[in-house]
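**Q** model this:
(2 chains)
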Amino acid sequence: MYPTRFRYEAPRELDEALALLREHGDEAKVLAGGQSLVPLMKLRFAAPELLVDINNLPGLDHHEVDADGNLHVGALCRHATLERSDLLREKQPTMAAAAPLIADPIVRNRGTLVGSLCHADPQGDWASVVLALDGSIVAAGPGGRRSIPARDFVLGPFQNALAPDEIAVEAVIPAPRGTPSGGYLKLERRVGDFATVGVAVAVETTDGRVTRAGIALTGVGGATIDCADAAEALLGRPLDGDTIEEAATLAARDARPKSDHRGSAQYKRHMVHTFVVRALEGTTR
Amino acid sequence: MTIVHEVRDEPAHDVPERRITVTVNGTRKVIECEPRLLLSHLLRQGLRLTGTHMGCDTTNCGACTVLVDGTPVKSCTMLAVQADGHEVTTVEGLATASELHPVQEGFREEHGLQCGFCTPGMMLASKALLDRNPDPSEEDVRWALSGNLCRCTGYQNIVKSVLWAAAKLRSEREDQ
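**A** Numbers count the residues shown, from 1 in each chain, chains lettered A, B, ... in the order given. Next comes the predicted model:
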């Protein structure tokens, strides 16, 4: 299968890439890992006139914590890098749990977290993870940079909030204010499949009480679901059995699963409950 | 006898061909191609390296796996122009003129293939694993190969083959 014809540019400076986007507007597409875009182009669901390959841009493959404790993940940081990251294992348990569950090991060598967020697939794993962590996306454009909260970033299936002349250069996860814990649990029929159910849980505790919480769901609705009520139910309380049960029940209530070949709606809702309990009890694997 | 060597469309005027330089199995190749040419097609049709197999063409099966700068990549999901300036290793690059690569030996010794269609991708993913982790556990091998499908379901022997190769490579290193 071949994509339709397109022009290809692989600029070496961000300004050059932005100029190309400015010139071509929404006829241009940005290519990073290409693990979603290239298949879409081969199936001709996408047919851009110009591909702007950003793989040669310098300084975008990082993932690092800044002086204030915020985690920055560059647009060329591959899933595989995050999967093997000691930094993530030490500082960011929800992301560390999610990275090995993205697609399959070979796809993870090319695909990127930021690209996955931009692709805005309602079945995407990183979307719920970054939502649960209250992260944001940094867009570079002609007027400089702006930060877009993850909760405002996705406008609909495969639609993000970037202007045609903007490039998402980073995802930023805010510094935890307490001790971070949580995880990402994914039920999949086989490696590389989309999630039947995906549950991202990010909790911060101080002196045994929850100071911040985020719970988000993948695969159980037409979009990533932010379980605000479930997260709210955890605030100020210790993570005991009653609290966990209440949050899991609220999260399962917020799920909007449909019965399909991956499972019945009832089963998926039940798994949301189970996964929230497991993540909060710390049994993430 | 091959009478038809190459049939191609005239390039569209508004889509200039790109000239790229790719090192394939240690040899530098200068290639002119359309940007939409996939790496898998460059290897198979352009360079006649048909050891890279096309299974699903949808980024699922891993049969088309090659190494780009030592990292396994599904070549049906990478544009040839993206390999410009990089090193590509295909299954044809594993053996030397006189010797099989230990991974290939392992697949022979442990019967790691039935129909053989997935084997090139399996072996390249295995090589990359062993380059990174010379002493993998069975679980490590299964994890590293979880993006490669074997429709004969010969996974048991594939895993054994990779562990055989790992042991051989370690003993070679100790001998040195």
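**Q** and residue B:21, how far is that from chain A?
**A** Summarising the geometry, the distance separating residue B:21 from chain A, computed by Cβ to the nearest Cβ, to the nearest Å, is 13 Å. (C-beta placed from N, C-alpha, C; glycine too.)
**Q** tally of neighbours for that residue?
**A** Counted with other Cβ atoms under 10 Å in any protein chain shown, the neighbours of residue B:21 add up to 12.
**Q** next, count neighbours for the nearest residue to residue A:59 once chain neighbours are set aside.
**A** Using Cβ to Cβ, 6 or more residues apart in numbering or on different chains and skipping residues adjacent in sequence, the residue nearest residue A:59 is residue A:74, 7.2 Å away. In terms of burial, residue A:74 registers 21 neighbours under the definition other Cβ under 10 Å.
**Q** ok, residue A:26 next?
**A** Using other Cβ under 10 Å, residue A:26 has 11 other residues around it.
**Q** what's near enough to touch it?
**A** Counting by Cβ atoms under 8 Å, 6 or more residues apart in numbering or on different chains, residue A:26 makes contact with residue A:164.
**Q** name the SS class of it, please.
**A** Secondary structure for residue A:26, judged by DSSP: H, G, I helix; E, B strand; the rest coil, is helix.
**Q** how far away is it from chain B?
**A** Here the criterion is Cβ to the nearest Cβ. By it, residue A:26 lies 18 Å from chain B.
**Q** so in chain A, which helix runs the longest?
**A** For chain A, the helix with the greatest residue count under DSSP state H is helix A:265-281.
**Q** who touches it?
**A** Taking Cβ under 8 Å, 6+ apart as the rule, helix A:265-281 contacts A:182-185, A:187, A:196-197, A:199, A:201, A:203, A:215, A:217, A:219-220, A:230, A:234, A:239, A:244-245, A:247-249, A:251-252, A:255, A:257-259, A:262-263, A:284.
**Q** would you mark the buried spots in it?
**A** Under the neighbour-count criterion of 16 or more other Cβ atoms under 10 Å in any protein chain shown, helix A:265-281 has A:268-280 buried.
**Q** stretch A:88-105 now?
**A** Those buried within stretch A:88-105 under the rule 16+ other Cβ under 10 Å are A:88, A:91-105.
**Q** next: stretch A:55-74.
**A** Applying a neighbour-count criterion of 16+ other Cβ under 10 Å, the buried positions in stretch A:55-74 are A:55-57, A:60, A:63, A:71-74.
**Q** average pLDDT for it?
**A** Throughout stretch A:55-74, pLDDT has a mean value of 98.
**Q** chain center to that stretch, what's the gap?
**A** A distance of 16 Å separates the centroid of the chain from that of stretch A:55-74, by Cα atoms, centre = their mean, to the nearest Å.
**Q** report the contact partners of residue A:161.
**A** Contacts for residue A:161 were tallied using Cβ under 8 Å, 6+ apart; they are A:148, A:152-155.
**Q** state the distance from it to residue A:118.
**A** Noted for residue A:161: a distance of 10 Å to residue A:118, by Cβ to Cβ, to the nearest Å.
**Q** before we move on, what about residue A:191?
**A** As defined by Cβ to Cβ, residue A:191 lies at a distance of 24 Å from residue A:118.
**Q** any idea which residue sits dead centre in chain B?
**A** Here the mean C-alpha position of chain B is nearest to the C-alpha of residue B:66 (Cα atoms, centre = their mean), at a distance of 2.8 Å.
**Q** tell me the secondary structure for it?
**A** Here residue B:66 is recorded as strand under three-state DSSP.
**Q** quick one: pLDDT of it?
**A** In this model, residue B:66 is scored at 98, pLDDT.
**Q** so it touches residue B:39, yeah?
**A** Yes. Using Cβ atoms under 8 Å as the test, residue B:66 is close enough to residue B:39 to be in contact (7.1 Å).
**Q** what is the neighbour count of residue A:47?
**A** 13.
**Q** hey, what's residue A:146 bridged with?
**A** Here residue A:146 sits in beta bridges with residue A:139, as judged by DSSP bridges.
**Q** break the chain down into its domains, please.
**A** You didn't pick a chain, so chain A it is. A:7-53, A:63-173, A:179-281 (automatic domain parsing).
**Q** nope, chain B please
**A** According to automatic domain parsing, chain B comprises the domains B:18-93, B:102-171.
**Q** looking at those, which is closest to residue A:9?
**A** domain B:18-93 (9.1 Å; Cβ to Cβ).
**Q** and that closest one, how far apart are its ends?
**A** 25 Å (Cα to Cα, to the nearest Å).
**Q** go on, stretch B:141-148?
**A** 11 Å.
**Q** show me how far that stretch is from its chain's centre.
**A** 14 Å.
**Q** tell me the buried residues in it?
**A** Buried residues in stretch B:141-148 (16+ other Cβ under 10 Å): B:141, B:143-148.
**Q** can I get the domains of chain A in a markdown table including distance to residue B:101?
**A** Formatted as a markdown table, the entries for the domains of chain A read as follows, by distance: least, Cβ to Cβ, whole Å:
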| stretch | distance to residue B:101 |
| --- | --- |
| domain A:7-53 | 27 |
| domain A:63-173 | 19 |
| domain A:179-281 | 26 |
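**Q** compare those and give me the one nearest residue B:94.
**A** domain A:63-173 (17.1 Å).
**Q** got the contact list for stretch A:184-198?
**A** Counting by Cβ under 8 Å, 6+ apart, A:94-95, A:97-98, A:101, A:103-104, A:107, A:123, A:125, A:128-129, A:199-201, A:217-220, A:257, A:262-263, A:268, A:271-272, A:275, A:278-279, A:284, B:60, B:146-147 sit against stretch A:184-198.
**Q** in strands, which of those residues fall?
**A** A:199-201, A:217-218 (DSSP state E).
**Q** any shared contact partners between residue B:66 and residue B:39?
**A** Counting by Cβ under 8 Å, 6+ apart, the shared contacts of residue B:66 and residue B:39 are B:73, B:75, B:88.
**Q** for the residue in the stretch 101-250 of chain A positioned nearest to chain B, what are its contacts?
**A** Using Cβ to the nearest Cβ, the closest approach of the stretch 101-250 of chain A to chain B is made by residue A:104 at 3.1 Å. Taking Cβ under 8 Å, 6+ apart as the criterion, residue A:104 is in contact with A:191-192, B:62, B:146-147.
**Q** please repeat the previous calculation with a cut-off of 7 Å.
**A** Applying Cβ atoms under 7 Å, 6 or more residues apart in numbering or on different chains to residue A:104 gives the contacts A:191-192, B:146-147.
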